[in-house]
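Participant: Sequence below, structure please.
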Amino acid sequence: MSTKRNSNCFACGKDNPIGLHLKVDSREGMAKVEFTPTSPYEGYSGYIHGGIISTLLDEVMVWAAKSLGIKAVTAELSVRFKKPVLIDEPIIIDGKITDIRKKLLYGEAFIYSEENKVLATATGKLVGME
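Facilitator: Numbering: from 1, shown residues only. Got it, this is the predicted structure:
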C-alpha cells in the first residue's frame, strides 16, 4: 500500500474538487486544523453530517502520527457527538497520539467551537504501516 501524499485525499487533498481541503498543522505527535464547514457536508439542514465529523477527528490523529514519522492507518475509531456542529461556523480540530506500543498507536481528538465548547470527541487505535 502506497503512503505517498495524495493530492486527491478527501480530507486534505488540494486537488479533490469535493474534498474538505484541510490545512493541517502537525508536530511532535499533535495536529490541529481550523475549518469552517459548508453546506455540501450537511446531514440535516444546517448541521454537519456525522461521517464528516468522524473524518475530521480521524484525520488529525493520522497527521499526529505522521508528525512522529509514523505512517499509520486507523484500525478503530470511537466517536462521541456532544453538540451539533453547524454549517458556516468555524471549528477547531485537535488531535494527538497518547501512547505507542510497537506498531499500535493510541490517539484522541476533539472538535471545539470558537467559544471553546467541546462538540465531538474521539479515541482511536492506529496501526503503523512500516
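
Participant: low-scoring pLDDT stretches of the protein, where are they?
Facilitator: Within the chain, the stretches with pLDDT under 70 are 1-5, 8, 10-13, 15-16, 18-21.

Participant: all helices for it, in order.
Facilitator: Taking DSSP state H as the test, the helices found in the chain are 50-67.

Participant: in this structure, which spans are strands?
Facilitator: Taking DSSP state E to define them, one finds strands in the chain at 25-27, 30-35, 72-81, 91-101, 104-113, 118-128.

Participant: Walk me through which strands the fifth one pairs with, and which way each runs.
Facilitator: I take that to be strand 104-113. Take DSSP bridges as the rule and strand 104-113 pairs in its sheet with strand 91-101 (antiparallel), strand 118-128 (antiparallel).

Participant: Residue 92 versus the residue nearest to residue 65 when sequence neighbours are not counted, what's the distance?
Facilitator: Nearest residue to residue 65, sequence neighbours excluded (C-beta to C-beta, 6 or more residues apart in numbering): residue 72, at 4.1 Å. (C-beta placed from N, C-alpha, C; glycine too.) Distance of residue 72 to residue 92, computed by C-beta to C-beta, to the nearest Å: 22 Å.

Participant: How about residue 75?
Facilitator: Residue 75 is 26 Å from residue 92, by C-beta to C-beta.

Participant: Next: residue 30.
Facilitator: Separation of residue 30 from residue 92 (C-beta to C-beta): 13 Å.

Participant: And for residue 36?
Facilitator: Separation of residue 36 from residue 92 (C-beta to C-beta): 11 Å.

Participant: one step back: TSV for the strands of the chain, including distance to residue 64 and mean neighbour count?
Facilitator: Output for these, formatted as TSV (distance: least, C-beta to C-beta, whole Å; neighbours: other C-beta atoms under 10 Å):
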stretch	distance to residue 64	mean neighbour count
strand 25-27	6	14
strand 30-35	4	19
strand 72-81	9	15
strand 91-101	5	18
strand 104-113	6	20
strand 118-128	9	19
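
Participant: Fine by me, thanks again.
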